[in-house]
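J.: Starting from these lines, generate the structure:
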Amino acid sequence: MEDQPQDENLKGLKAHLNNLVEAVVKAVVMANQTQELDDVLMIRDELHRLPDYLMCEVINDVILNLVKIDADLCRWFIIDIFLRDAQAEGKADVAERINLLIADLQRR
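T.: Presented below is the predicted three-dimensional model:
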């Protein structure tokens, strides 16, 4: 019985995270369509305000969703915008991960 409130909290948190991911994906798609750099920079800045463990979860799900929509859009947002200030080595690692994900999705 004690586990039930904790399970409900986890389900609630997961639902909120899913809503956040969905909102970020929609905002990135819209910002790309309007070509408003300030909009995507604002999205990036807001994501960086999350605690690291949440930011990682959200970004991983954003990558999964964006790759399914448009691989180039995913690369643009994640590599060029979100990781704008990251070191080249980190960008290369993420780019490789995105490429592997794209290849995996194409095989299915």
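
J.: CA atoms for contacts and neighbours, from now on please.
T.: Will do.

J.: show me where the chain has helices.
T.: 3-34, 37-48, 52-69, 71-75, 88-107 (DSSP state H).

J.: what about Cys58, neighbour count?
T.: Not Cys; residue 58 is Val. Val58: 20 surrounding residues under other C-alpha atoms under 10 Å.

J.: Once you drop chain neighbours, what's closest to it?
T.: Val21 (5.9 Å; C-alpha to C-alpha, 6 or more residues apart in numbering).

J.: buried set for stretch 7-21?
T.: The neighbour-count check on stretch 7-21 (16 or more other C-alpha atoms under 10 Å) flags 17, 20-21 as buried.

J.: nearest to Ala86, of those?
T.: Val21 (21.6 Å; C-alpha to C-alpha).

J.: isn't that closest one right next to Val62, touching?
T.: Yes - counting by C-alpha atoms under 8 Å, Val21 does reach Val62; the two are 5.8 Å apart.

J.: Okay, now the unreliable bits of this structure?
T.: 1-6 (pLDDT under 70).

J.: that older thread, with distance to Phe82 added, can I get the helices of the chain in CSV?
T.: Converted to CSV, the helices of the chain look like this (distance: least, C-alpha to C-alpha, whole Å):
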stretch, distance to Phe82
helix 3-34, 11
helix 37-48, 5
helix 52-69, 9
helix 71-75, 10
helix 88-107, 10
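
J.: didn't Ala71 look like it was pressed against Ile102?
T.: Yes - Ala71 lies in contact with Ile102 (C-alpha under 8 Å); the separation is 7.1 Å.
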